[in-house]
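Asks: Structure, please.
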Amino acid sequence: MVMDDPQMVTPKLLIHVPGNLLDRHGQAGFGIYGRIAPDLRRMGLEVDFVERPSTTELSAYTKEDFHLVHHGFLRRFNLLNCGIAYVWPYWYLDQRGVLCDSSMLNAKPRLDGVNGRQARKFLDALQRKTIGRGVSKYDQPERTEPIGHGAIVVFLQGLSDPVMRSMHMMETEMLDLVLRHRQGRRVLIKPHPKFPDTIASAHARMLAEREPEVRVIDANIHDLLEGAYCSVSICSGASFEGLFHRVPAILFGRSDFAVCAWTVRNAEEAEQALTEIGEVDFPYERFLFWFLRKKMYNQRDPNLVARVLQRIKRTGFDLMPDGPAGPVTRVLGPAEDEPPPSPLVPLSAKSDDKGPGRKG
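Replies: Purely as a prediction, here's the structure:
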């Protein structure tokens with residue numbers, strides 16, 4: 001029969017999300033998916049939200065449809081991996097993965113081409129929406145007062161699969177190196193909101209009992225970062241948010257924002273980084289503009305649907321071979337001053353820079 005020919009089957013857009021998010025949001029979706037699904041359906045495309053079967057096994061994903069996989073790191077012609085790019089409302093649509101698995105790992109930014117005035121305005125807006133409101137990807141305690149001035153701020157991440165795949169050493173080793181080379185600076189250590197009780201956090205509490213200048217603290221990340229000497233983590237999104245404060249990041253793991261950070265792979269590199277990072281002039285404004293505005297997808301972009309369709313088309317997959325049944329409509333985002341939504345995983349449920357160089 002003709003209908004048995006897979007070439008005659010109209011492709012669907014399947015959006016794969018974890019079961020708990022599917023239960024919570026159903027076919028309405030959430031985030032960038034909830035923005036694009038209604039318009040794509042009006043255009044005649046079948047869009048289904050389904051439970052994510054696997055983030056590693058390609059056999060679970062049909063070849064005749066196109067797939068958006070929440071927090072995946074799968075690589076195939078008819079699939080894009082999606083997730084928040086450290087800060088709302090920016091999202092990945094990436095053929096390699098998200099965060100430490102994204103294609104940004106190998107990207108070569110052309111920061112000289114970024115307009116300095118636009119980049120400064122962009123960073124000002126980021127600061128208002130995050131630092132000014134005390135918000136982050138995960139729920140935070142209320143802001144009180146800055147406590148990180150001159151300190152090394154360490155963000156622990158636990159042993160989730162992405163962190164394990166990216167780390168150059170264990171977090172306990174990282175903590176020991178920070179203590180060894182802190183040069184008299186205070187060290188403030190924040191456990192991860194989702195993983196507060198880990199071997200590393202227990203090790204941190206032991207260090208804090210032994211060293212009066214070391215504290216384990218669950219404070220708002222912006223109170224910790226404001227005025228800090230540097231942040232230290234494997235590849236934490238909190239270190240990425242530290243760039244909004246112009247606080248340099250030392251990363252002990254693989255990261256897709258490494259071009260605006262100092263990556264450490266061994267003890268010798270850790271000593272140099274902790275000693276010298278204060279002398280490095282990172283291109284915070286230009287990098288953040290390039291990374292978020294140029295390379296990511298803004299959930300509030302009025303032309304989001306058209307941009308997503310263009311991104312899918314660039315993979316070589318023809319999602320709508322017969323053309324849309326209806327026009328691509330503009331998706332009007334919230335007002336500019338609207339605060340970001342609640343985190344997807346709330347605690348209750350779980351300088352005109354041109355490039356890095358020496359300051360002076």
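Asks: Identify each buried residue in whichever strand or helix holds Thr275, please.
Replies: Element membership of Thr275, judged by DSSP states H and E, is helix 267-276. When burial is assessed from 16 or more other C-beta atoms under 10 Å, helix 267-276 yields the following buried residues: 269-270, 273-274. All C-beta atoms are positioned from the backbone trio N, CA, C, and that covers glycine.
Asks: Please pull up the helix or strand immediately following that helix.
Replies: Counting by DSSP H and E, the next helix or strand C-terminal to helix 267-276 is strand 280-281.
Asks: Quick check: neighbours of that following strand in the sheet, parallel or antiparallel?
Replies: Strand 280-281 has its sheet partners listed here by DSSP bridges as strand 357-358 (antiparallel).
Asks: ok, now which ones touch the nearest residue to Thr130 once chain neighbours are set aside?
Replies: Closest residue to Thr130 in three dimensions, ignoring its sequence neighbours and counting by C-beta to C-beta, 6 or more residues apart in numbering: Phe244, at 5.9 Å. Counting by C-beta atoms under 8 Å, 6 or more residues apart in numbering, Phe244 touches 123, 126-127, 130-131, 284, 288.
Asks: And the helix holding Thr275, what does it pack against?
Replies: Applying 3 or more C-beta pairs under 8 Å, 6 or more residues apart in numbering; DSSP states H and E, we find helix 267-276 packed against helix 171-180, strand 249-251.
Asks: Counting by contacts, list what the longest one packs against.
Replies: Spelled out, that is helix 171-180. Helices and strands touching helix 171-180, by 3+ C-beta pairs under 8 Å, 6+ apart, are strand 152-155, strand 187-190, helix 199-210, helix 267-276.
Asks: Let's test this: mean pLDDT of the last one, rounded?
Replies: This means helix 267-276. For helix 267-276, mean pLDDT rounds to 96.
Asks: centre of the chain versus that helix, how much separation?
Replies: Helix 267-276 sits 25 Å away from the centroid of its parent chain (C-alpha atoms, centre = their mean, to the nearest Å).
Asks: Just want the angle from that helix to helix 171-180.
Replies: 50 degrees (axes from the mean of the first three to the mean of the last three C-alpha atoms, to 10 degrees).
Asks: What lies in contact with helix 267-276?
Replies: By C-beta under 8 Å, 6+ apart, the residues outside helix 267-276 that reach it are 152, 174, 177-178, 180-183, 230, 232, 250, 252, 262-264.
Asks: and with 6 Å instead?
Replies: Residues from elsewhere that reach helix 267-276, judged by C-beta atoms under 6 Å, 6 or more residues apart in numbering: 177, 181, 250, 262, 264.
Asks: Tabulate the CA atom coordinates of it in CSV.
Replies: Listed next in CSV are the C-alpha coordinates belonging to helix 267-276 (Å, rounded to 0.1, in the frame of the first residue of the first chain):
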residue,chain,number,x,y,z
ALA,A,267,47.2,20.8,40.2
GLU,A,268,49.9,22.9,38.5
GLU,A,269,47.3,24.7,36.4
ALA,A,270,45.1,25.3,39.5
GLU,A,271,47.9,27.1,41.3
GLN,A,272,48.6,29.4,38.3
ALA,A,273,44.9,30.1,37.8
LEU,A,274,44.1,30.9,41.5
THR,A,275,47.2,33.1,41.6
GLU,A,276,46.8,35.0,38.3
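Asks: does Ser231 sit in a helix or strand, and which one?
Replies: In this structure, Ser231 is located in strand 230-233 according to DSSP H and E.
Asks: after that strand comes which helix or strand?
Replies: Of the helices and strands lying after strand 230-233 in sequence (DSSP H and E), the nearest is helix 237-242.
Asks: List the buried residues for the longest helix seen in the chain?
Replies: Using DSSP state H, we find that the single longest helix of the chain is helix 116-129. Under the neighbour-count criterion of 16+ other C-beta under 10 Å, helix 116-129 has 116, 119-120, 122-123, 126, 129 buried.
Asks: Mind telling me the two of these farthest from one another?
Replies: Gly116 and Lys129 (20.7 Å; C-beta to C-beta).
Asks: Quick one: the strands in the stretch 51-200 of the chain, in order.
Replies: Secondary structure of the stretch 51-200 of the chain (DSSP state E, counting those that start in this stretch): strands located at 66-70, 79-84, 90-94, 152-155, 187-190.
Asks: Name the stretch among the ones you listed that sits most buried.
Replies: strand 152-155 (a mean of 27; mean count of other C-beta atoms under 10 Å).
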